[in-house]
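Enquirer: Need the 3D shape of this:
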Amino acid sequence: MPRLIEVDPGRHDLSAGLAAAPGDVLSFRATGGRVRSGQAVEYVGAYTRGVVGPAGEVLSPAGPPGTALFRVVGPGTAELEVLTGDPWGAPVVHAVTVRAAPAGGPGQRPG
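Expert: As a prediction, this is how the structure comes out:
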């Protein structure tokens, strides 16, 4: 079964990389990102949080996005750049290597 994997680059040591499997979605606490190399992962986009108000309206805070989403699309390796901090002033770039095993392989829990 695919997983939603939540990652905070400021709290998690990503120097050894990140193990995932096709179908997994990587949710980084970040303001943006990109795939630097590889085809195992695609960048979905950067999002701001929204909540449903009492009348069914969606409320969102002003400011930069707080979540960057990536989707693992196949086995292989991908090099990501994940941005944290102020995206317009002094962004911090975190390099992350994602190793995607075939579905059902290492890094993927049995469904």
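Enquirer: ends of stretch 62-72, how far apart?
Expert: Using CA to CA, to the nearest Å, one end of stretch 62-72 lies 30 Å from the other.
Enquirer: Ok, stretch 7-20 next?
Expert: In stretch 7-20, first residue to last residue: 12 Å (CA to CA).
Enquirer: in that stretch, what's buried?
Expert: 7, 9, 14, 18-20 (16 or more other CB atoms under 10 Å). In short, each C-beta sits where N, CA and C put it, glycine included.
Enquirer: For Ser27, give the beta-bridge partners.
Expert: Counting by DSSP bridges, Ser27 is bridged to Glu6, Leu69.
Enquirer: and if you look at Leu80?
Expert: With DSSP bridges as the rule, Leu80 is bridged to Val35, Val96.
Enquirer: pretty sure it contacts Gly32?
Expert: No: contact criterion CB atoms under 8 Å: Leu80 and Gly32 do not qualify, at 11.0 Å.
Enquirer: okay, these two: which has more neighbours?
Expert: Looking at Leu80 and Gly32 with other CB atoms under 10 Å, you find the greater number of neighbours at Leu80, namely 23 against 19.
Enquirer: so what pLDDT did the more buried one get?
Expert: According to the prediction, Leu80 has pLDDT 97.
Enquirer: same question, Val93
Expert: Val93 carries a pLDDT value of 93.
Enquirer: Test of understanding: give the bridge partners of the nearest residue to Gln39 once chain neighbours are set aside.
Expert: Residue nearest to Gln39 in three dimensions, not counting chain neighbours: Gly76, with 6.4 Å by CB to CB, 6 or more residues apart in numbering. Gly76 forms beta bridges with Ala100, as assigned by DSSP bridges.
Enquirer: contacting residues around Gly76?
Expert: For Gly76, the contacting residues are 38-40, 100, by CB atoms under 8 Å, 6 or more residues apart in numbering.
Enquirer: So which of those are in strands?
Expert: Residues of the contacts of Gly76 located in strands (DSSP state E): Ala100.
Enquirer: Tell me which two of the contacts of Gly76 sit farthest apart.
Expert: Gln39 and Ala100 (10.0 Å; CB to CB).
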